[in-house]
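> sequence and predicted structure are below.
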Amino acid sequence: MLAAATTAQTLIDTIEKTGYQATLPAESPRDPDLELRQLRRRLIITAALSLPVIMIAMVPAWQFPWWQWLSFALASVVVVWGAWPFHRATLLNLQHGNATMDTLISVGTLAAFGWSAYALFFGAAGEIGFTHPFELRLVRHAPTANLYLEAAVGITTFILLGRYLEARAKRRSGAALRALLELAPSEATLVTPHGETVVDISQLHVGDRFVVRPGERVATDGVIVSGHSALDTSTVTGESVPVEAGPGDSVVGRHRQYPRPACGRSHPGRCRHPASTGRSDGRGGAER
């Protein structure tokens, strides 16, 4: 239980100080795909700017007289704007003396970019006509005759791609879970001494008996009291084949009962919640 002085805004501020974002449900964006679209746009722009930097650095024949300055201009946008989420998270974490993977990414890209800037402005790499050979063996060069712009933009683009794929996977998983939750019935036919009445499932209590007719979903966990039928348990167990259920068998909410008679009767069996004395009658009811 939260202390009386703890508020939702206090929790949000604490989370944001660690480099993450948080909002109250009512304050969340209406478009759930907004963050994913923003990340995709950042990735596309970053990749488009990084590709020429990497290709020119890897192919010496494409290195025209002032290629390094064009690469520096493109890399500046990538390292500063494209990698800004990593820099921001690093600054927030450093305020609390923490270091995360974002810290490693930020320090690595800034180090590669910073040395390249020094070599361009104060070293031999900034001279017009400078070329950066691509070799598979170790060769000694002057310290300021090496550029690492392709490393800075390559790391940024690669990590952004991973973050985008991760966000898209989470979005799809969330959509699948929400679709699964929508399968849960919102009402149940409660059996009372005066007959049957339809109530919201939130009004069911332990010991209540409710009806589950053919084609309806079981509103809550229970134990079958009477009757026989087949239940579709795929939403819970993943099993695509319906399972036979009869008196004494446990069932789980959101199961869909098949509209088939059993034992010569045209009604399903009774259910009872396993954690209670709940049960359902032969006309499609259950007790929890």
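Everything's here; your move.

> what's the distance between Ala75 and Ile45?
Distance, Ala75 to Ile45, by CB to CB, to the nearest Å: 13 Å. Every residue, glycine included, has its C-beta placed from N, CA and C.

> for these two, indicate the residue with more neighbours.
When Ala75 and Ile45 are compared on other CB atoms under 10 Å, the one with more neighbours turns out to be Ala75, at 29 against 15.

> nearest residue to that one in space, please, no chain neighbours.
Setting aside the residues directly before and after it, Ala75 is nearest to Leu149 in space (CB to CB, 6 or more residues apart in numbering), at 4.3 Å.

> next one: Gly123
Nearest one to Gly123, counting by CB to CB, 6+ apart, is Thr144 at 2.3 Å.

> correct me, but the one you found touches Glu127?
No - using CB atoms under 8 Å as the test, Thr144 is too far from Glu127 to be in contact (10.1 Å).

> looking at those two, which is more packed in?
Thr144 (17 against 12).

> tell me the contacts of that one?
By CB atoms under 8 Å, 6 or more residues apart in numbering, the contact set of Thr144 is 118-119, 122-125.

> try 6 Å this time
Counting by CB atoms under 6 Å, 6 or more residues apart in numbering, Thr144 touches 119, 123-125.

> what does Tyr148 give?
Listed by CB under 6 Å, 6+ apart, the contact partners of Tyr148 are 112, 116.

> do that again at 10 Å, thanks
With contact set as CB atoms under 10 Å, 6 or more residues apart in numbering, Tyr148 has these partners: 57, 75, 108-109, 111-116, 119, 132, 154.

> now intersect the residues you listed with the helices, please.
The members of these that map onto helices under DSSP state H are 57, 75, 108-109, 111-116, 119, 154.

> thinking again about what came up before, now the common contact residues for Thr144 and Glu127.
Joint contacts of Thr144 and Glu127 (CB under 10 Å, 6+ apart) are Leu120.

> Leu91: how many residues sit nearby?
For Leu91, the neighbour count with other CB under 10 Å is 13.

> same question, Pro133
9.

> do the same with Gln63
18.

> how near is the residue lying closest to it once chain neighbours are set aside to Thr157?
With sequence-adjacent residues excluded and distances taken as CB to CB, 6+ apart, Gln63 is closest to Thr131, at 5.0 Å. As judged by CB to CB, Thr131 and Thr157 stand 24 Å apart.

> the more surrounded of these two?
Set Thr131 next to Thr157 and count neighbours by other CB under 10 Å: Thr157 wins out with 22 against 14.
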